[in-house]
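> everything below, folded, please.
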Amino acid sequence: MARSTFGAGASAARQSRSIRSAHRRARHRVALRRAPLVAGMASLVGWVAAAASASAGFGAGAGIVVGATLTGGSYTRSLTADRWAKGAKGERRTARSLALARGWVALHDRAIPGSAANLDHILFGGGGVVYLDTKTWTSTKSRARFDADGRLWYGRYPQDRALRTVRWEADQAQEALGVGVQAVISVHGQPHLPRRGTVVDGVTVVPAEALREWLDARPRVLDESRVAALVALAENALPPYVH
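Predicted structure coming up:
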């Protein structure tokens, strides 16, 4: 069967670039508004440094350093853009792993008709149809876990909303394809999660390191002709995401 990573992470990467560009323009406007104040402070520091050292060169240098430091402070990183970029990287890592999965065809970054949402990955194989959402949870300060009630947490935050979203996305794929779709979250950065997968609110949570193992363990429910027909249907019913 065909293997492909084409399109994986594309919409998340576009979102990251768009947010970063908007953030850069906004910070540039801030820098322009601050420019007169920065110039005044740099001149003052330069004058004081020159007077104290009896060196015009030293004063000029001090003024330049202060001006550059204050101007640079206007240009901060966009943490939101960083998160989208990290998500795109995780989706590409998942796609590379799926390209090695035997007996599965993967379509990446597909549109949901009538919605602004997208599907990270949808898989077709003897084990059925799987909607796969990638989570990149790589913070060194947070850990994914299941509490005594089976609720999924990442750090201090419950993931109920994320699970509902993934289940909804899988339901949309199911409606478009007319076949049952399993909802799965593949988690990067949390290898301690159970490798067999844990079902929470109708969604199976699997560490990314065990994803191919989990796919290989699916009981066979579709033959090759049915898989090919569903892939062809999905190409049209769930087109590439282009927003």
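
> next SSE downstream of the worst-scoring helix or strand of the chain on mean pLDDT?
Least confident helix or strand, the chain: helix 79-98 with a mean of 56, by mean pLDDT, DSSP states H and E. Heading C-terminal from helix 79-98, the first helix or strand you meet, by DSSP states H and E, is strand 104-111.

> can you dump the C-alpha coordinates of that following strand into CSV?
What follows is strand 104-111 as a C-alpha-only set of coordinates in CSV (Å, rounded to 0.1, in the frame of the first residue of the first chain):
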residue,chain,number,x,y,z
TRP,A,104,-2.1,1.1,6.5
VAL,A,105,-2.7,4.1,4.2
ALA,A,106,-2.6,7.5,5.8
LEU,A,107,-4.1,10.8,4.6
HIS,A,108,-2.9,13.9,6.5
ASP,A,109,-4.3,17.3,7.3
ARG,A,110,-7.8,16.9,5.8
ALA,A,111,-10.7,19.3,5.8
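
> tilt between the helix or strand just after that strand and strand 104-111?
Using DSSP H and E, the next helix or strand after strand 104-111 towards the C-terminus is strand 118-125. When axes from the mean of the first three to the mean of the last three Cα atoms, to 10 degrees is applied, the directions of strand 118-125 and strand 104-111 differ by 160 degrees.

> note down every partner strand of strand 118-125 and its orientation.
strand 104-111 (antiparallel), strand 128-136 (antiparallel) (DSSP bridges).

> how about whichever helix or strand comes after the longest one: buried residues?
Meaning strand 128-136. For strand 128-136, the following helix or strand on the C-terminal side (DSSP H and E) is strand 144-146. Neighbour-count burial for strand 144-146, counted by 16 or more other Cβ atoms under 10 Å, picks out Ala144. To be clear about C-beta, it is placed using only N, CA and C from the backbone, and glycine gets the same treatment.

> quick check: mean pLDDT of the next helix or strand after strand 144-146?
The helix or strand immediately downstream of strand 144-146 is strand 152-154, counting by DSSP H and E. For strand 152-154, mean pLDDT rounds to 97.

> show me what counts as buried in strand 152-154.
Quick answer for strand 152-154 (16+ other Cβ under 10 Å): Leu152, Tyr154.

> go ahead and name everything in contact with that strand.
Identification of contacts with strand 152-154 by Cβ atoms under 8 Å, 6 or more residues apart in numbering yields 135, 137, 142-147, 158-160, 163, 198, 200, 205.

> do stretch 158-178 as well
By Cβ under 8 Å, 6+ apart, stretch 158-178 touches 112-113, 115, 117, 119, 122, 129, 131, 133, 135, 151-153, 180-183, 185, 200-203, 230, 233-234, 237-238.
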